[in-house]
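A.B. asks: Next input, structure requested:
(chains A, B, C and D)
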Protein chains: 2
Amino acid sequence: MDQKMSNRQDIIEKAKERVIETISLNMHLYGVTPSIGRLYGTLFFRDTPMTLDDMKEELQMSKTSMSTSVRTLTDLNMVEKVWIKGERKDQYEAKKDWYQIFLDYFTNQWRKVIQVNLKAINESLKELEDLASDPSILTESEQEDIEKAVAKLMYSKEYYAWLNRLFDQFESKEIFEFVNKDPQNP
Amino acid sequence: MDQKMSNRQDIIEKAKERVIETISLNMHLYGVTPSIGRLYGTLFFRDTPMTLDDMKEELQMSKTSMSTSVRTLTDLNMVEKVWIKGERKDQYEAKKDWYQIFLDYFTNQWRKVIQVNLKAINESLKELEDLASDPSILTESEQEDIEKAVAKLMYSKEYYAWLNRLFDQFESKEIFEFVNKDPQNP
DNA sequence: AAGTATGTACAGAAAAAACTTTACAAACAA
DNA sequence: TTGTTTGTAAAGTTTTTTCTGTACATACTT
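C.D. replies: Now for the predicted structure:
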């Protein structure tokens, strides 16, 4: 292999690697480790799908790790299995619509949490309101305590309702009317 | 202390604790541990500020942990130190504007990452474009490889520019015109 | 000034997470 | 059927994170 060709390939490789590495380090925003981030970055720059053995080779990690990492990325809708005629091994490639990944991830994460939190809030609200329904049995400080707690819970409910509306906009893509993908074409 | 009063206090306490616990478990969305989440939840339901010793007592943890947890929450703009006349110990209370906390957190987190990623992308783009500026020295497959990488980097740039615009809307509060806090008063 | 209270840095222990090796089940090949 | 290949579960190891106890600097009190 001639020297200059090797240099050029190296430059191209380095340019990709730099970006892969920053992706790797910043994927904690999606709740994954740098290793998993690096795998996504590697797949992102590939033009053809990879098998678990390709990944193992490329990232110098165990096949088991590749298997679990790919599953994580698949669950996050960042990677998908593709079927290739005549290929026995499973093949994976990166999903490349970053807007979609961003919106999906936040919507999914938050919807789950909002639901769980609202459930707890509503249970507690009910208990407190039941207790407050007969004020005569309560001391003054108890009444005050309940009122304050109820006020906080109501506030939380409003907040979660707002979040739900925000994620509705994310899910329906209407967010792109508010913040356009192409700033020149609003 | 009479039995019924104890029951009523218990019910109130339980109602708060349930919500504190769900907050604790879901604060991973803000990148903090359940312990730190529990501290925030505890502070949220307090009507008066707490000292490190109060927290240590309440959560049965070391004072050192309380100190570092409070610092973390302060950095996240979720807690603030308040000055109380004649009090020697530092006092802390929860910030209670959850909309603000949400917007601040995501804006800060993402701005940092966007900046770092864009820097890497631009460096790599420059290297690749320099290399591509003299196509005569490149093999066909190298040219193609560079083109594909450049296209991906350009795409990323557009995406990060969009994110920046989205967070501009967050920062300027214009997001509340798009998704109103009070759905009845749009 | 000496003594005490307060908050945090630092080192170490405990707990949790990430990763690897081994083992095995399911699918395919001969 | 028997032998391979492929993917993943389970157990074990390594690394990282979280939490605690000690030590100490700073600031307050008398």
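A.B. asks: dump the residue contacts of the nearest residue to A:Ser67 once chain neighbours are set aside.
C.D. replies: Leaving aside its sequence neighbours, A:Ser67 sits nearest to A:Leu52 (Cβ to Cβ, 6 or more residues apart in numbering or on different chains; 5.9 Å). Quick note: C-beta positions are derived from backbone N, CA and C, even for glycine. A:Leu52 sits next to A:Lys63, A:Met66, A:Ser67, A:Val70, A:Lys89, A:Asp90 when contact means Cβ atoms under 8 Å, 6 or more residues apart in numbering or on different chains.
A.B. asks: Flag every residue of chain A that's near DNA strand C.
C.D. replies: With Cβ under 7 Å from any atom of the strand as the criterion, chain A comes near DNA strand C at residues A:Thr33, A:Pro34, A:Ser35, A:Ile36, A:Met61, A:Ser62, A:Lys63, A:Thr64, A:Ser65, A:Thr68, A:Ser69, A:Arg88.
A.B. asks: For the closest residue to the fourth one other than its chain neighbours, give me the pLDDT.
C.D. replies: The shortest distance from A:Ile36 to any residue that is not its chain neighbour, by Cβ to Cβ, 6+ apart, is 4.7 Å, and that residue is A:Ser69. What the model reports as pLDDT for A:Ser69 is 98.
A.B. asks: could you check whether the strand or helix carrying A:Met154 is close to chain B?
C.D. replies: For A:Met154, the element it lies in under DSSP states H and E is helix A:140-171. Yes: contact of helix A:140-171 with chain B (Cβ under 8 Å from any Cβ of the partner chain) involves A:142, A:145-146, A:148-149, A:152-153, A:155-156, A:158-159, A:161-163, A:165-166, A:169.
A.B. asks: Nearest to A:Gln9 among the residues of chain A next to DNA strand C?
C.D. replies: Comparing these against A:Gln9 with Cβ to Cβ places A:Met61 closest, at 23.5 Å.
A.B. asks: Doesn't the closest one belong to a strand?
C.D. replies: No: using DSSP: H, G, I helix; E, B strand; the rest coil, the secondary structure at A:Met61 is coil, not a strand.
A.B. asks: and it, how many neighbours?
C.D. replies: As a burial measure, A:Met61 scores 15 neighbours (other Cβ atoms under 10 Å in any protein chain shown).
A.B. asks: Roughly how far does it sit from A:Pro34?
C.D. replies: 12 Å (Cβ to Cβ, to the nearest Å).
A.B. asks: go on, A:Glu93?
C.D. replies: 21 Å.
A.B. asks: Same question for A:Ala132.
C.D. replies: 50 Å.
A.B. asks: A:Arg71 too?
C.D. replies: Distance from A:Arg71 to A:Pro34, by Cβ to Cβ: 17 Å.
A.B. asks: Between the two, which is the more surrounded one?
C.D. replies: A:Pro34 (15 against 11).
A.B. asks: Quick check: nearest residue in space to the more buried one, chain neighbours excluded?
C.D. replies: A:Ser24 (4.6 Å).
A.B. asks: Show the average pLDDT along the helix or strand hosting the one you found.
C.D. replies: Using DSSP H and E, A:Ser24 falls within helix A:3-26. Regarding helix A:3-26, the rounded mean pLDDT is 89.
A.B. asks: Check stretch A:112-124 too.
C.D. replies: In this model, stretch A:112-124 has a mean pLDDT of 97.
A.B. asks: from the chain's centre, how far out does it sit?
C.D. replies: How far stretch A:112-124 lies from its chain's middle: 21 Å, per Cα atoms, centre = their mean, to the nearest Å.
A.B. asks: returning to what we had before: nearest to chain B, of the contacts of A:Leu52?
C.D. replies: Closest approach to chain B among these (Cβ to the nearest Cβ): A:Val70, at 20.3 Å.
A.B. asks: tell me which parts of chain A are close to DNA strand D?
C.D. replies: With Cβ under 7 Å from any atom of the strand as the criterion, chain A meets DNA strand D at residues A:Thr51, A:Leu52, A:Asp53, A:Lys63, A:Thr64, A:Ser67, A:Val70, A:Arg71, A:Arg88, A:Lys89, A:Asp90.
A.B. asks: The closest residue to A:Pro183 other than its chain neighbours: how many residues sit nearby?
C.D. replies: Nearest non-adjacent residue to A:Pro183, counting by Cβ to Cβ, 6+ apart: B:Arg165, 6.7 Å away. Neighbour count for B:Arg165, taken as other Cβ under 10 Å: 15.
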